[in-house]
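S.K.: This is the structure alone, sequence omitted:
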């Protein structure tokens with residue numbers, strides 16, 4: 001006999017922090033990715049063409065043949081020694097700053113790193129400054145610990161640090177300031193060099209911790225000498241990162257690096273969250289770094305994403321009305337589209353699905369629901385040959 005549970009039976013047991021937040025927005029984005037024949041500019045997923053299938057297969061076989069056990073066992077909460085050293089080497093190479101052993105830990109992706117920061121530092125009512133717009137997963141992570149979020153505007157040069165300074169002078173007192181300074185999700189812009197030192201100076205003066213998310217830092221299309229915030233001020237910055245975009249997301253591997261006392265609190269929080277990141281993924285990443293495979297993979301990834309980005313920008317230029325505006329990314333996965341005055345991106349998203357196109361309305365990326373006339377366009381996963389068709393369909397809905 002089949003038993004059909006009554007609808008909503010367990011709603012009363014659901015914690016308030018899990019109901020009606022942007023987590024539902026994330027779920028809706030993921031659902032779009034499963035629709036057959038959809039031209040999707042929705043999810044920020046890497047292109048499977050970049051996945052190192054053959055090399056991962058060879059490494060797995062090597063682990064088995066050599067009788068390795070560490071890849072198949074539990075790992076220390078902070079991470080295996082070899083992968084931690086490989087990660088520290090890479091941070092030193094790419095950012096010019098090497099963390100001490102007690103300043104670095106490996107996490108189950110960047111979102112867990114953010115979750116650990118929130119879990120270990122936020123009490124109900126604490127203030128967190130975010131960019132407007134910002135990563136919707138960060139909104140969810142901070143809100144799950146009942147933080148109050150304040151969005152500071154962005155322009156084509158990233159976070160408006162002058163506006164943050166003005167708000168701080170007026171009495172704003174955040175515990176954390178969360179920023180994605182390189183190829184930002186969702187806006188696709190980067191924080192200008194001349195704004196980076198002033199931002200860390202504000203952190204030192206007002207006593208807040210900067211949470212720097214570098215998920216897209218290694219995916220720049222051009223040579224970039226902008227320093228990371230962590231390399232400028234390791235005393236007031238905790239940096240979170242991920243291998244999902246540079247290696248492959250199936251390993252669910254990320255990191256956090258920051259002041260020793262902050263890192264210790266993250267390790268403590270992780271011990272009663274998932275205990276450790278998967279050892280197999282750690283070892284695969286370590287060997288791929290040591291053998292130079294990650295850098296070779298990045299050459300392919302940057303070229304592919306730059307090509308897709310250029311096709312999206314050309315299609316926007318060709319099909320969108322002149323009243324529309326969009327960012328011109330120099331890396332990462334996203335462009336930020338501002339629609340003509342009066343447009344409703346949520347309504348546009350619903351109509352776009354009916355035309356076989358997936359987009360994400362901009363309201364999901366603001367903690368206060370602003371951005372009704374904005375859209376995030378992801379070019380990372382969309383079929384390159386269908387980009388022009390997808391943008392043309394979208395434009396017909398904007399102008400129709």
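M.R.: Arrived safely. Here the structure is a predicted model, which is why all the values come from computation and not from measurement. Residues are numbered from 1 along each chain as shown.

S.K.: the helices in this protein, which residues?
M.R.: 22-33, 53-65, 81-95, 110-121, 136-143, 161-169, 193-206, 229-232, 260-271, 279-290, 293-319, 345-354, 387-399 (DSSP state H).

S.K.: Let me have those in TSV, extended by distance to residue 335.
M.R.: For the C-beta atoms, the positions are set from N, CA and C on the backbone; glycine is no exception. Below are those laid out as TSV (distance: least, CB to CB, whole Å):
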stretch	distance to residue 335
helix 22-33	16
helix 53-65	29
helix 81-95	25
helix 110-121	21
helix 136-143	17
helix 161-169	23
helix 193-206	21
helix 229-232	23
helix 260-271	33
helix 279-290	29
helix 293-319	6
helix 345-354	14
helix 387-399	11
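
S.K.: Indicate which one of the ones you listed is closest to residue 178.
M.R.: Nearest to residue 178 among the helices of the chain is helix 136-143; the distance by CB to CB comes to 5.6 Å.

S.K.: hmm, back to that, mind putting the helices of the chain into TSV with mean neighbour count?
M.R.: Shown next, in TSV, are the helices of the chain (neighbours: other CB atoms under 10 Å):
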stretch	mean neighbour count
helix 22-33	16
helix 53-65	13
helix 81-95	18
helix 110-121	24
helix 136-143	24
helix 161-169	16
helix 193-206	16
helix 229-232	22
helix 260-271	18
helix 279-290	22
helix 293-319	17
helix 345-354	17
helix 387-399	18
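
S.K.: Distance to residue 363 and mean pLDDT added to those, as a markdown table?
M.R.: Listed next are the helices of the chain as a markdown table, based on distance: least, CB to CB, whole Å; pLDDT from 0 to 100:
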| stretch | distance to residue 363 | mean pLDDT |
| --- | --- | --- |
| helix 22-33 | 9 | 56 |
| helix 53-65 | 37 | 98 |
| helix 81-95 | 34 | 98 |
| helix 110-121 | 21 | 97 |
| helix 136-143 | 10 | 96 |
| helix 161-169 | 21 | 99 |
| helix 193-206 | 26 | 99 |
| helix 229-232 | 28 | 98 |
| helix 260-271 | 31 | 98 |
| helix 279-290 | 34 | 98 |
| helix 293-319 | 21 | 98 |
| helix 345-354 | 6 | 94 |
| helix 387-399 | 17 | 96 |
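
S.K.: and of these, who's closest to residue 241?
M.R.: Ranking these by proximity to residue 241 (CB to CB) places helix 110-121 first, at 5.9 Å.

S.K.: Between helix 260-271 and that closest one, find me the angle.
M.R.: 110 degrees (axes from the mean of the first three to the mean of the last three CA atoms, to 10 degrees).

S.K.: Burial check on the nearest residue to residue 369 once chain neighbours are set aside, number of neighbours?
M.R.: Spatially, and ignoring its direct neighbours in sequence, residue 369 is nearest to residue 363 (5.2 Å; CB to CB, 6 or more residues apart in numbering). Residues near residue 363, counting by other CB atoms under 10 Å, number 22.

S.K.: My read is that residue 363 contacts residue 373, right?
M.R.: No. The criterion here is CB atoms under 8 Å, and residue 363 misses it with residue 373 at 9.5 Å.

S.K.: can you list the domain ranges for the chain.
M.R.: 14-51+302-399, 74-293 (automatic domain parsing).

S.K.: wait, which of these is closest to residue 62?
M.R.: domain 74-293 (8.1 Å).

S.K.: how far is that closest one from where the chain is centred?
M.R.: Centroid separation between domain 74-293 and its chain, computed with CA atoms, centre = their mean, to the nearest Å, is 10 Å.

S.K.: circling back to that earlier point, among the helices of the chain, which comes closest to residue 182?
M.R.: helix 229-232 (9.7 Å).

S.K.: which residues make contact with that closest one from outside it?
M.R.: 95-97, 179, 181, 196-197, 199-200, 210, 212, 214, 237-239, 257-258 (CB atoms under 8 Å, 6 or more residues apart in numbering).

S.K.: could you flag which of those residues are buried?
M.R.: Buried by 16 or more other CB atoms under 10 Å: 95, 97, 179, 181, 196, 199-200, 210, 212, 214, 237-239, 257-258, out of the contacts of helix 229-232.

S.K.: so of those, which ones are in strands?
M.R.: Mapping those onto strands (DSSP state E) picks out 179, 210, 212, 237, 238, 239, 257.

S.K.: now those residues in a markdown table, with distance to residue 221?
M.R.: Listed next are these as a markdown table, based on distance: CB to CB, whole Å:
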| residue | distance to residue 221 |
| --- | --- |
| 179 | 21 |
| 210 | 25 |
| 212 | 21 |
| 237 | 25 |
| 238 | 27 |
| 239 | 22 |
| 257 | 25 |
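
S.K.: between those, which is nearest residue 340?
M.R.: Residue 340 lies nearest to residue 179 out of those, by CB to CB, at 29.3 Å.

S.K.: Select the longest strand from this protein.
M.R.: When the chain is parsed with DSSP E, its longest strand is strand 148-155.

S.K.: in that one, what's buried?
M.R.: Applying 16+ other CB under 10 Å to strand 148-155 flags 149, 150, 151, 152, 154 as buried.

S.K.: Hmm, the fourth one is touching residue 131, no?
M.R.: To tie it back to what came earlier, the one meant is residue 152. Yes. Contact status for residue 152 versus residue 131: in contact at 6.4 Å, counting by CB under 8 Å.

S.K.: can you redo the buried residues of strand 148-155 as TSV with distance to residue 302?
M.R.: Below are those laid out as TSV (distance: CB to CB, whole Å):
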residue	distance to residue 302
149	32
150	34
151	30
152	30
154	24
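
S.K.: got CSV for those, with pLDDT and distance to residue 43 too?
M.R.: Putting the buried residues of strand 148-155 into CSV (pLDDT from 0 to 100; distance: CB to CB, whole Å) gives the following:
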residue, pLDDT, distance to residue 43
149, 98, 23
150, 99, 27
151, 99, 23
152, 99, 26
154, 98, 22
